[in-house]
Each structure stands twice: as structure tokens, then as C-alpha cells.
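>>> Here is the input, now give the coordinates:
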Amino acid sequence: MKILVAFLVALTIFGMQSHGYEVFNIISPSSHGDNVQETVTIDNEKNTAIVNIHAGSCSSTTIFDYKHGYIASRVLSPRACFILKMDLQNTPPLNNLQRYIYEKQTLDNIFSNKYIWVKYNPLESLITDIDWFLLGSPIEKLCKHMPLYKGEVVENTHNVGARDCAKTGFPGILGISICADTHV
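Numbering: from 1, shown residues only. The predicted structure is shown next:
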């Protein structure tokens, strides 16, 4: 009986620790034949998920800030930050991300058709008066000294041109393409 109690106490302690800060490394093949490394940090206390995609000039960092309700992506090329309001119906809940990441790591064929197309107009959607309090400190740290553009989700993707697009988000879980195409 004492062993069972000790086991339950240990399980409770370690279970509570798992609700904090977790980091996952994912290596996936790209469409070009090389590998792409993703580092996903889930912080349950701050209610955020940070995805770093290490892919040379196509590298990006995306923050899903569930507390403030925004998604921000900083892309290397072009050197800019893009922000959009989080659509909670189409964005996986933070508590499900760990399961999705585990499935992606263990099952080679996991694929989600959840994909968001975001457009921005380089001349009209530049944000110059920024309320960092509204956006939250994680996004402020990511985007503070960069041009910040407001993204707009595109519902009708039939006319989407893929030129000048940056791919961010959670590839295979919730992909995001940010496009500067004014024909979107």
C-alpha cells in the first residue's frame, strides 16, 4: 500500500511538472529532398506555443499566443513580422498540440489538411502604431524591431497565387502561408 501511495504522489508531482514548459524537436523531410528541423516550445503557464522552423532562408518563428488571441510569424525572408487574430475554431487548442506533435513524431504519415492562407498588402497593412500590451510580451519580443504587418485570412483560396509566400506555423498540423500577392 505504501508503494502505491508513493507511486501516486510521484505521478502527481511529475504530472504537475508536465503542465509547464515542454520542448519538442521534429525533423521532417521537405519537398526539396532535404530535412527541415522544427523546434516547438509549449508553455502552458504563459498559454503559448512557439514554433521555430530551421530551413535556411525559409526559416521562421511563429508564436501562437492563446492568452491574447493572436498569431505572429517572423520570417527571415522577407525580414518582417506578420500578425493575425487567432481563429479559435480553426486553431488547434494548446492542450491538443502535444498529442499532435507526438503523433507527427511517431507516425510518418500524419497529415492535417488544416491550412490558413493569409494575405497582406505591403503598402496598406503596415502597422505603425503598435499596442504591445494588446498583443502581449511574447509577440513584442518576437517583433519589436521589425516591420509589422497585419495579416488577413483568405477564405476563398481559388485565386490564391503562391508567389511571394512564406510558409510558417505547424507544418503538417496547422500550416500558414503568408502571401504578398495582391491578387489573393
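>>> residues touching Ile63, list them.
Applying CB atoms under 8 Å, 6 or more residues apart in numbering to Ile63 gives the contacts 48-51, 70-73, 138-139, 142. In short, each C-beta sits where N, CA and C put it, glycine included.
>>> swap the cut-off to 7 Å and go again
Contacts here follow CB atoms under 7 Å, 6 or more residues apart in numbering; on that basis Ile63 touches 48, 50, 72, 138-139, 142.
>>> One more: Val23?
39, 41.
>>> same question, the one 4 residues further on
Residues in contact with Ile27 (CB under 7 Å, 6+ apart) are 35, 37.
>>> Can you say which helix or strand has it in it?
Using DSSP states H and E, Ile27 sits in strand 21-29.
>>> hmm, back to that, name the nearest of the contacts of Ile63 relative to Val118.
Val118 has its nearest neighbour among these in Ala72, at 11.4 Å by CB to CB.
>>> before we move on, back to that, what average pLDDT does the strand holding Ile27 get?
Here strand 21-29 scores 83 as its mean pLDDT.
>>> what about that strand, distance to the chain center?
Relative to the chain's own centre, strand 21-29 is displaced by 12 Å; criterion: CA atoms, centre = their mean, to the nearest Å.
>>> oh, and call the first residue 30 from now on, that's how I've got it
All right, first residue 30 from here; so that's strand 50-58.
>>> If you count neighbours, what's buried in that strand?
Of all the residues in strand 50-58, those buried under the rule 16 or more other CB atoms under 10 Å are 51, 53, 55.
>>> Columns distance to Asn150 on top of these, output as CSV?
Listed next are these as CSV, based on distance: CB to CB, whole Å:
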residue, distance to Asn150
Glu51, 37
Phe53, 35
Ile55, 33
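>>> Within the sheet, what are the partner strands of the strand holding Ile56, with directions?
Partners of strand 50-58 in the sheet, by DSSP bridges, are strand 64-72 (antiparallel).
>>> and after the strand it pairs with, which helix or strand comes next?
Heading C-terminal from strand 64-72, the first helix or strand you meet, by DSSP H and E, is strand 77-83.
>>> now the angle between strand 50-58 and that next one, please.
Put simply, strand 77-83 runs at 30 degrees to strand 50-58, going by axes from the mean of the first three to the mean of the last three CA atoms, to 10 degrees.
>>> if we can go back for a sec, out of the buried residues of strand 50-58, who's nearest Lys133?
Nearest to Lys133 among the buried residues of strand 50-58: Ile55, at 6.3 Å, using CB to CB.
>>> From Asp72, how far out is the closest one?
17 Å (CB to CB, to the nearest Å).
>>> Leu113 is in contact with Ile100, isn't it?
Yes. The pair Leu113 and Ile100 qualifies as a contact (CB atoms under 7 Å) at a distance of 5.4 Å.
>>> Please say which of the two ends up with more neighbours.
Neighbour count, other CB atoms under 10 Å: between Leu113 and Ile100, Ile100 has more, with 25 against 19.
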